[in-house]
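> The following block contains a protein sequence and its predicted model.
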Amino acid sequence: MRRLMLLRHAKTETDAPSGRDQDRRLDERGHQDAAVIGDFIASHPPVPDLVLVSTAVRAQQTWELAYAAMKDRIPAPQVESVPELYAAEAMQILHHIRLAAMHDPARLLVVGHNPGMHELALALTARGDAEARQELMRNMPTAGLAVFDFDTEDWGDVSFARGNLLTFVTPKLLKQGSD
């Protein structure tokens with residue numbers, strides 16, 4: 001069994017001071033949301049063994065803040081910054097997921113961007129929690145997390161319409177659930 005977690009970066013400022021999209025930073029809500037998702041991940045094991053993170057500032061910050069919220073409760077995963085995840089399409093992200101076979105993690109977290117993350121999450125989903133599928137169909141907002149299990153021992157076998165969507169959460173959905 002392989003577990004895949006797809007995390008879209010948290011909420012960002014509209015423009016970076018440099019003018020470069022890759023340099024956009026998280027805004028205040030993004031800081032809070034990244035920590036909320038980190039807490040959720042740590043509270044719902046198993047946790048990732050390997051994390052692939054886009055090199056965009058907002059993705060790096062999302063991971064750093066999420067990990068800060070969980071680091072006292074989980075073993076430190078291996079983390080790799082992957083420039084190709086910035087603005088990646090679904091097939092490009094899937095390619096990097098399959099390359100994870102080199103490290104053979106049982107659980108992989110990818111931190112990236114829409115529209116590729118949302119398109120990939122939809123394409124991977126074959127079955128799973130009906131409510132989670134419904135929410136995922138609507139949108140993958142900032143700090144959205146989709147968690148899949150694949151009935152395989154080889155990341156190379158992860159493909160479209162083979163994933164079991166276990167959960168899809170966002171900070172907003174988590175807040176609604178706690179009210």
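On my side now, so go ahead. Residues are numbered from 1 along each chain as shown.

> With the flanking residues excluded, which residue is spatially nearest to Val79?
Val51 (4.6 Å; Cβ to Cβ, 6 or more residues apart in numbering). In short, each C-beta sits where N, CA and C put it, glycine included.

> State the pLDDT value of the one you found.
We have a pLDDT of 98 for Val51.

> now the one 5 residues further on
Looking at Ala56, its pLDDT stands at 97.

> is it true that it touches Glu84?
No. Ala56 lies out of contact with Glu84 (Cβ atoms under 8 Å); the separation is 11.4 Å.

> which of those two has more neighbours?
Ala56 (26 against 15; other Cβ atoms under 10 Å).

> buried residues in the helix or strand of the chain with the lowest mean pLDDT?
Taking mean pLDDT, DSSP states H and E as the measure, the helix or strand of the chain with the lowest value is helix 171-178, at a mean of 84. By neighbour count on 16 or more other Cβ atoms under 10 Å, the buried set for helix 171-178 is 171, 173-174.

> Following the chain past the helix ranked longest in the chain, name the next helix or strand.
Using DSSP state H, we find that the single longest helix of the chain is helix 28-43. The helix or strand immediately downstream of helix 28-43 is strand 50-54, counting by DSSP states H and E.

> residues of the helix or strand just after that following strand that come out buried?
Downstream of strand 50-54, the first helix or strand assigned by DSSP H and E is helix 57-70. Using 16+ other Cβ under 10 Å as the test for burial, helix 57-70 gives 57-63, 65-67, 69-70.

> for stretch 20-36, same thing?
24, 26-27, 30-36.

> circling back to that earlier point, what helices and strands are in contact with the least confident helix or strand of the chain?
With contacts taken as 3 or more Cβ pairs under 8 Å, 6 or more residues apart in numbering; DSSP states H and E, helix 171-178 sits against helix 28-43.

> The helix it packs on versus helix 57-70: what angle between them?
50 degrees (axes from the mean of the first three to the mean of the last three Cα atoms, to 10 degrees).

> What are the phi and psi values at His113?
When read as degrees, to the nearest 10, the backbone of His113 gives phi -130, psi 160.

> Show the contacting residues for it.
8-9, 54, 56, 59, 85-88 (Cβ atoms under 8 Å, 6 or more residues apart in numbering).
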